[in-house]
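Colleague: this one's structure only:
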Ligand SMILES: NC(=O)C1=CN([C@@H]2O[C@H](COP(=O)(O)OP(=O)(O)OC[C@H]3O[C@@H](n4cnc5c(N)ncnc54)[C@H](O)[C@@H]3O)[C@@H](O)[C@H]2O)[C@@H](O)CC1
Ligand SMILES: [K+]
């Protein structure tokens, strides 16, 4: 599952991005390094443990002051092994450390067992039972709890230890020790960001939620998807000396400024002409928002194409954006004979009637860069295969979860089903399968937006951690996103690049505007974002 060098080189020109490794890919990276002979599993475990200690001390400098007290909860695998290393390193700093083990010490894997035995030369290990935790509940002065129960090896729900979660929650509320999770908060699936065995909405009430999560080598999809960000608190990735891995899934980061620059050809047609189709009078606001997004993202020209009877409404509301009255699908077909129209956007406010289906058919036959959103997707709920049969590789579909379920009901159902085994079916899995089925780029919206191409590449764009943008949950924001993608397609950006770039800019615009944001503000915030990028 490693991308080819050619593909990688192409991606590198478009984005800065970091690979996100699944549990299987992470294991493979570790195995490859060990097979190369340069490093042993014990070396990696030592580096992982040292990385957690360093990250915790960097996060909370007050922990450097005086002797502190820590509780380390170790699990039955190598995540627990990291825990024994951490206990030893904290002890070496003069800390008082209490260590609990979940499971049978005899059955620990070799590296974890080695570190268990080393710890036993220093201190004792208590079994992690309800009784032990009860006895410990009154312990004073615990400054740090280390969650080293389960990492990437979580295969089944972590249910029988409701007591642990309850205790941690109680400690967090009462004594307020900091909780640092090793690799992932235990119970969270590192591939999907889902807490196994829990209804999603209830999971966070009972889960181990960390204040800081320290992962190794590369972040994992689960740190960014679903409940990952809430569970992890804050994320730090520490280097454990493995070679940089490439993977088909990566984290979308800032687009390279050069790709958005207007330096070079100065003629407006050099930057493309985007067309946003609008619905009937009184329903044109969504199209106008999309058109504004297309214009601000740098399309040379933008036209709203609308029914003849909606021309007056649009003309009264638009200046820099042109209005073109269309006489149904024939009018659209005639308009698109002009090859200077380079990007299309259909869906926002378009309506769910048969006319929408016909407009989509006509637009797709013109084979331009085309964004299909909202009604242009929902219209095909009864027979998605009809839509899939018309799509081409210059298309981008931008469903939210409800629209996704209309087009890909089986995939949505898999995502909705309770996750009972790890690694669990993830939004990445769903979106990757959808893109393969549709034969074009699919951008599945959410705080964790997932963007998949039909060749299997997937970018996760998460408005989480330092890029949280809660104000983006506002009416019309999706219309602006569709318009921004359309504008980039019109400018000649490839579909995956356009979708990833727009997703990043959209969140950046929201963050730069801040509280009180409404959809109209998003396009207007783009100039500030561009200036910040040095454009
Ligand atoms: N892969 C790597 O490159 C490295 C891995 N390291 C650590 O190793 C971890 C992965 O170790 P493992 O693969 O041993 O996996 P884990 O330590 O995450 O857990 C695996 C063990 O837990 C059991 N288990 C899974 N779910 C359970 C449940 N719900 N209840 C009870 N038992 C359950 C499994 O049967 C297995 O015995 C990483 O998360 C990381 O912390 C680090 O030491 C550094 C290097
Ligand atoms: K953990």
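Modeller: Alright, I've got the coordinates. In this text, all values refer to a predicted model and were calculated from it rather than measured experimentally. Numbering: from 1, shown residues only. Ligands and ions are numbered 1, 2, ... in the order given.

Colleague: need the contact list for the spatially closest residue to residue 282 that is not a sequence neighbour.
Modeller: Closest residue in space to residue 282, ignoring its immediate chain neighbours: residue 313 at 7.3 Å, by C-beta to C-beta, 6 or more residues apart in numbering. Glycine gets a C-beta too; all of them are placed from N, C-alpha and C. Counting by C-beta atoms under 8 Å, 6 or more residues apart in numbering, residue 313 touches 281, 282, 284.

Colleague: likewise residue 412?
Modeller: Here residue 412 is in contact with 401, 404, 405, 430 (C-beta under 8 Å, 6+ apart).

Colleague: give me that answer again for 7 Å
Modeller: Residues near residue 412 by C-beta atoms under 7 Å, 6 or more residues apart in numbering: 404, 405.

Colleague: among the contacts of residue 313, which ones are buried?
Modeller: Listed as buried from these are residue 284; burial here means 16 or more other C-beta atoms under 10 Å.

Colleague: per-residue pLDDT, the residue of the stretch 351-500 of the chain found nearest ligand 2?
Modeller: Of all residues in the stretch 351-500 of the chain, residue 422 sits closest to ligand 2, at 12.8 Å by C-beta to the ion. Residue 422 carries a pLDDT value of 91.

Colleague: Offset the numbering so it begins at 24, please.
Modeller: In the new count, where the first residue is 24, that last one comes out as residue 445.

Colleague: can I assume it sits in a strand?
Modeller: No - with DSSP: H, G, I helix; E, B strand; the rest coil as the criterion, residue 445 is coil rather than part of a strand.

Colleague: So it versus ligand 1, what's the distance?
Modeller: Distance of residue 445 to ligand 1, given as C-beta to the nearest ligand atom, to the nearest Å: 7 Å.

Colleague: Against ligand 1, how distant is residue 88?
Modeller: Where ligand 1 is concerned, residue 88 sits at a distance of 28 Å (C-beta to the nearest ligand atom).

Colleague: same thing with residue 545?
Modeller: In terms of C-beta to the nearest ligand atom, residue 545 sits 38 Å off from ligand 1.

Colleague: Residue of the stretch 24-173 of the chain nearest ligand 1, please.
Modeller: In the stretch 24-173 of the chain, the residue that lies nearest ligand 1 is residue 100 (2.4 Å; C-beta to the nearest ligand atom).

Colleague: pretty sure that residue contacts residue 176?
Modeller: Yes - shown here, residue 100 and residue 176 form a contact pair, counting by C-beta atoms under 7 Å, at 4.7 Å.

Colleague: and those two? which has more neighbours close in?
Modeller: Summary of the neighbour comparison: residue 100 and residue 176, criterion other C-beta atoms under 10 Å, with residue 100 having more neighbours (23 against 17).

Colleague: quick one: average pLDDT of stretch 330-349?
Modeller: The average pLDDT within stretch 330-349 is 97.

Colleague: what does stretch 178-187 give?
Modeller: If you average the pLDDT over stretch 178-187, you get 72.

Colleague: So for it, first residue to last residue, what's the gap.
Modeller: Using C-alpha to C-alpha, to the nearest Å, one end of stretch 178-187 lies 18 Å from the other.

Colleague: Could you do stretch 198-215 as well?
Modeller: Using C-alpha to C-alpha, the end-to-end distance of stretch 198-215 comes to 31 Å.

Colleague: tell me which residues in that stretch are buried?
Modeller: Neighbour-count burial for stretch 198-215 flags 200-215 (criterion: 16+ other C-beta under 10 Å).

Colleague: what's the answer for stretch 71-81, then?
Modeller: For stretch 71-81, a neighbour-count test (16+ other C-beta under 10 Å) marks 71, 72, 73, 74, 75, 76, 78, 79 as buried.

Colleague: How about residues contacting that stretch?
Modeller: Residues from elsewhere that reach stretch 71-81 (C-beta under 7 Å, 6+ apart): 86-87, 105, 108-109, 112-113, 167, 203, 205, 235, 237, 239, 259, 261, 263.

Colleague: Quickly check: it near ligand 2 or not.
Modeller: No - using C-beta under 5 Å from the ion, stretch 71-81 stays clear of ligand 2, coming no nearer than 9.9 Å.

Colleague: quick one: that stretch near ligand 1?
Modeller: Yes - counting by C-beta under 6 Å from any ligand atom, contacts between stretch 71-81 and ligand 1 involve residue 71.

Colleague: Likewise for stretch 203-221?
Modeller: Yes - under the criterion of C-beta under 6 Å from any ligand atom, ligand 1 is reached by stretch 203-221 at 205, 206.

Colleague: Mind checking the pLDDT average for that stretch?
Modeller: For stretch 203-221, mean pLDDT is 93.

Colleague: so does that stretch get close to ligand 2?
Modeller: Yes - Stretch 203-221 reaches ligand 2 (C-beta under 5 Å from the ion) through 204, 205, 209.

Colleague: Quick one: end-to-end distance for that stretch.
Modeller: With C-alpha to C-alpha, one end of stretch 203-221 sits 22 Å from the other.

Colleague: what residues does the stretch 174-323 of the chain put near ligand 2?
Modeller: Residues of the stretch 174-323 of the chain lying close to ligand 2 (C-beta under 5 Å from the ion) are 204, 205, 209.

Colleague: Wait, the first one touches residue 233, no?
Modeller: The one in question is residue 204. Yes - assessed by C-beta under 7 Å, residue 204 is found in contact with residue 233 at 3.6 Å.
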